[in-house]
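Peer 1: Return a 3D structure for these sequence lines:
(one chain, ligands or ions: 1)
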Amino acid sequence: MKTISKRAILCFTLAIILLIGTGYFLTQYFTKGSSWASFSANSHLYTNGVLKSGTLLDRNGEILASASDGVWHYNDSQSVRKAVLHTVGIPDGKIATGAITKFAARLTGYNFITGAKHIGTEGNRLYLTIDSDICKTAYEAMGSYKGTVGVYNYETGEILCLISTPTFDPANPPTIDPDNSLYEGVYMNRFYSSSFIPGSTFKLVTLNAALEEIPGIQSMTFNCPGSIEIGGKTITCTGTHGDISLETALNVSCNCAFAQIADMLGGETLSEYTEKTGLTDSYSVNGIKTKASSFGFETDSQGDIAWGGVGQGSDLVNPCSMMIYMGAIAQEGKSAIPQIILKSTLSGGLKTSFYIKNRTGTLINSETAKTITAFMKSNVINTYGESKFPGLDIYGKTGTAQVDSSNTSNSWFTGFIKNENAPYAFVVYAEGGGSGVKTAAAIANKVLQKAVSKASEASAEN
Ligand SMILES: [Zn+2]
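Peer 2: Take a look at the predicted model:
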């Protein structure tokens, strides 16, 4: 009897191990199957390391790139090719966030049931959310600046415009010398994978914290004598603003006022709000991980915290996470998580995937969002000038970020528009662009005008 029960225990143990092993395999298969299949040595999908088949299209069905037997062809327009380079990618995989690399399995038609074996020569049609026309407008508006432009629908998450510069023409790729500053970080998608000193755009986060943590902040008066000392550091302002309210402090982007507010809040509270607003999150855009923003509020000295509250110092902000925060302000709480894939179909047109909206958690309290929205509108009316954005119901904040002691500064403009057909949040970042109002806001206007006119055309058709 003893031997039998021992054997039974052994069999039972083996059965449990087998069950756990099968469960583990299935989990791995469903979560990682597509990346196993898209491994570049898989001859079903690749010819000499180049993805064999698939067609990438924009939201309107414009072909961005397509492959047949390992040969890739691109859009006819050179401007479009350059504008969508970082979204489309290149066959050698150097642009890690490009669709050719990131969505290889979806492009070729891999699925969990039949694997990669049934794949024909044409592959699947993968529709991206971007509008190549809007991307082209953004690329042309950006001129020679390095940086990024992102526009997305904060209700649905669809990214309509995403460009990263410098860029190049994938149909005629240049020889890229890594020491040539013209091509600095050319393979990097600055929208997803970089973080930059935010300059005054960060004052929105300091404002957010102040509205919730400092009772009576809206009836306080701040004094700007042009520069102030905090914790042994001199905080300089761009002007001498005198006695000003909180709203005026944001309108004129007063460093002295925001440094005083940051000092009242303290590093721990500011750190808490960088998390609450979602800036320190790494988002997943259809599996493309964004870089988390980073700050030094927990360890910085009192003077550096004051500079941090102004948007300088140790602050580094990822453009995509800033855009999402703008979407949350617009919607008074939560926003959509951006997505770059609209749908995929078989070459015959049968849909193989559907668009499912994903939302963030609550990034801002609704009352705070209402106040910030009103302040962002008064920035436009009182400082930037509504005439710079004809026809747009726009809410924004500029930033002119100082980089070390050099004279060049980087230009930011971020915010959102309210429009039934075009509920869009945006971020523009131009390295060396100088004044945020002069450079980034002008780029944003061109891109948004295009985006809004395309949205009203689309709504008229429906
Ligand atoms: Zn000032």
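Peer 1: make it CA atoms for all contacts and neighbour counts henceforth
Peer 2: Fine.
Peer 1: which other residues reach stretch 174-190?
Peer 2: 86, 94-97, 147-148, 164-168, 194, 319 (Cα atoms under 8 Å, 6 or more residues apart in numbering).
Peer 1: Quick check, the residue in the chain closest to the ion?
Peer 2: Of all residues in the chain, C254 sits closest to the ion, at 3.7 Å by Cα to the ion.
Peer 1: excluding its backbone neighbours, what's nearest that residue?
Peer 2: C237 (6.2 Å; Cα to Cα, 6 or more residues apart in numbering).
Peer 1: Check the one you found and give its pLDDT.
Peer 2: pLDDT recorded at C237 is 96.
Peer 1: So it sits against N255, correct?
Peer 2: Yes. Using Cα atoms under 8 Å, C237 is in contact with N255, at 5.0 Å.
Peer 1: Of these two, give the one with the bigger neighbour count.
Peer 2: N255 (28 against 18; other Cα atoms under 10 Å).
Peer 1: what about the stretch 301-450 of the chain, any weak spots by pLDDT?
Peer 2: Applying pLDDT under 70 to the stretch 301-450 of the chain flags the ranges 404-407.
Peer 1: The ion contacts on that one?
Peer 2: Nowhere does the stretch 301-450 of the chain come near the ion, counting by Cα under 5 Å from the ion.
Peer 1: can you give me the strands for the stretch 301-450 of the chain?
Peer 2: Here the stretch 301-450 of the chain has its strands, by DSSP state E, counting those that start in this stretch, at 341-345, 394-402, 409-417, 424-431.
Peer 1: quick one, the last one and strand 409-417 angle?
Peer 2: Calculated by axes from the mean of the first three to the mean of the last three Cα atoms, to 10 degrees, strand 424-431 forms an angle of 180 degrees with strand 409-417.
Peer 1: Just give the strands next to strand 424-431 in its sheet, each with its orientation.
Peer 2: Paired neighbours of strand 424-431 in the sheet (DSSP bridges): strand 146-153 (antiparallel), strand 409-417 (antiparallel).
Peer 1: what's the offset of the longest one from the middle of its chain?
Peer 2: Just to be clear, that refers to strand 409-417. Offset of strand 409-417 from its chain centre (Cα atoms, centre = their mean, to the nearest Å): 13 Å.
Peer 1: CA-only coordinates of it, as CSV, when you get a sec.
Peer 2: Taking C-alpha atoms only, strand 409-417 is exported to CSV below (Å, rounded to 0.1, in the frame of the first residue of the first chain):
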residue,chain,number,x,y,z
SER,A,409,17.3,77.9,-26.0
ASN,A,410,14.7,75.4,-27.0
SER,A,411,11.2,76.3,-28.0
TRP,A,412,8.0,74.6,-26.7
PHE,A,413,4.3,75.0,-27.2
THR,A,414,1.8,72.6,-25.7
GLY,A,415,-1.9,72.6,-25.1
PHE,A,416,-5.2,71.6,-26.7
ILE,A,417,-8.1,72.8,-28.8
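Peer 1: Now do the contacts for the residue most central in space within the chain.
Peer 2: Residue closest to the mean C-alpha point of the chain, counted by Cα atoms, centre = their mean, is C320 at 1.8 Å. Residues near C320 by Cα under 8 Å, 6+ apart: G150, F191, Y192, T290, V427.
Peer 1: List buried residues within these.
Peer 2: For these, a neighbour count by 16 or more other Cα atoms under 10 Å gives the buried set as G150, F191, Y192, T290, V427.
Peer 1: how much space is there between the residue of the chain closest to the ion and S200?
Peer 2: Per Cα to Cα, to the nearest Å, C254 is found 9 Å from S200.
Peer 1: could I get the strands paired with strand 424-431 as JSON lines with distance to N75?
Peer 2: Formatted as JSON lines, the strands paired with strand 424-431 follow (distance: least, Cα to Cα, whole Å):
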{"stretch": "strand 146-153", "distance to N75": "20"}
{"stretch": "strand 409-417", "distance to N75": "30"}
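Peer 1: returning to that earlier point: the contacts of stretch 174-190 in strands, which ones?
Peer 2: Those of the contacts of stretch 174-190 mapping onto strands are G147, T148, S164, T165, per DSSP state E.
Peer 1: now these as a markdown table including pLDDT?
Peer 2: Putting the ones in strands among the contacts of stretch 174-190 into a markdown table (pLDDT from 0 to 100) gives the following:
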| residue | pLDDT |
| --- | --- |
| G147 | 97 |
| T148 | 98 |
| S164 | 98 |
| T165 | 97 |
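Peer 1: Take these and, keeping just the buried ones, write it as a ChimeraX select command.
Peer 2: Applying 16+ other Cα under 10 Å to the ones in strands among the contacts of stretch 174-190 leaves a buried subset, and the ChimeraX line that selects it is:
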select :147,148,164,165
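Peer 1: In TSV: the ones in strands among the contacts of stretch 174-190, plus distance to the ion.
Peer 2: Below are the ones in strands among the contacts of stretch 174-190 laid out as TSV (distance: Cα to the ion, whole Å):
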residue	distance to the ion
G147	28
T148	29
S164	33
T165	33
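Peer 1: Of the ones in strands among the contacts of stretch 174-190, which is the nearest to G303?
Peer 2: G147 (29.3 Å; Cα to Cα).
Peer 1: So the closest one is in contact with T167, correct?
Peer 2: No. Contact criterion Cα under 8 Å: G147 and T167 do not qualify, at 10.1 Å.
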